[in-house]
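[1] here is my input; please provide its structure:
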Amino acid sequence: MATAEIMQYLGLALAVIALLGHAKGYFSSGERQLKTELALMRTYLEGSDKKLIEHDRRIQAVETELKHLPDKDTVNELKLSLVELKGTVSTLSESMGSVSRTVHRIDDWLREKNA
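    Residues are numbered from 1 along each chain as shown. Okay, here's the model as predicted:
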């Protein structure tokens, strides 16, 4: 092979290498953008994870508080007990009225007797 032929093949090889370099740059330019977008998404997901953990803690706190509240049967029993207590107080109020009248009559009688 002569030097001229080697120079032609070498020129061709360098041209192919240059084209491959340009092709790699062209196809990897989107990769840089994807890396940037991926970094942004990771940051967003980290923030979302923190919010999710915070919401989970809040939900657990609410569930813990709900365990202490009465259920519907207990509330119904309380309603019935209050109605029964209201009737008892009403009966006692009537009885106290008659006792109060009797005490006033005795008081009046004693005052008239001593006068």
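[2] got the domain boundaries for this protein?
    Using automatic domain parsing, the domains assigned to the chain come out as 1-69, 71-115.
[3] how about these in a markdown table, adding mean neighbour count and mean pLDDT?
    In this view, the C-beta of every residue, glycine as well, is placed from N, C-alpha and C. Below are these laid out as a markdown table (neighbours: other Cβ atoms under 10 Å; pLDDT from 0 to 100):
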| stretch | mean neighbour count | mean pLDDT |
| --- | --- | --- |
| domain 1-69 | 10 | 88 |
| domain 71-115 | 10 | 90 |
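[4] tell me the centre residue of the chain?
    By Cα atoms, centre = their mean, the chain has its centre lying nearest to His55, at 3.8 Å.
[5] which phi and psi does that residue have?
    With angles defined as degrees, to the nearest 10, His55 sits at phi -70, psi -40.
[6] same check, this time on Ala39
    phi -60, psi -40.
[7] check contacts around the residue nearest to the centre of the chain.
    Contacts here follow Cβ atoms under 8 Å, 6 or more residues apart in numbering; on that basis His55 touches nothing.
[8] how far away is it from Leu45?
    In this view, His55 and Leu45 are 15 Å apart by Cβ to Cβ, to the nearest Å.
[9] same check, this time on Leu12
    Noted for Leu12: a distance of 49 Å to Leu45, by Cβ to Cβ.
[10] ditto for Val89
    Val89 is 62 Å from Leu45, by Cβ to Cβ.
[11] now do Pro70
    From Pro70 to Leu45 the distance is 41 Å (Cβ to Cβ).
[12] kindly report the same for Arg101.
    Distance of Arg101 to Leu45, given as Cβ to Cβ: 80 Å.
[13] then Leu110?
    For Leu110, the distance to Leu45 equals 89 Å [Cβ to Cβ].
[14] before we move on, what about Leu38?
    Relative to Leu45, and taking Cβ to Cβ, Leu38 is found at 10 Å.
[15] same thing with Asn76?
    When distance is defined by Cβ to Cβ, Asn76 is 47 Å away from Leu45.
[16] what segments of the protein are helices?
    Along the chain, counting by DSSP state H, helices occupy 3-68, 72-114.
[17] distance from the chain centre to the shortest one, please.
    What that stands for is helix 72-114. Computed by Cα atoms, centre = their mean, to the nearest Å, the chain-centroid distance of helix 72-114 equals 50 Å.
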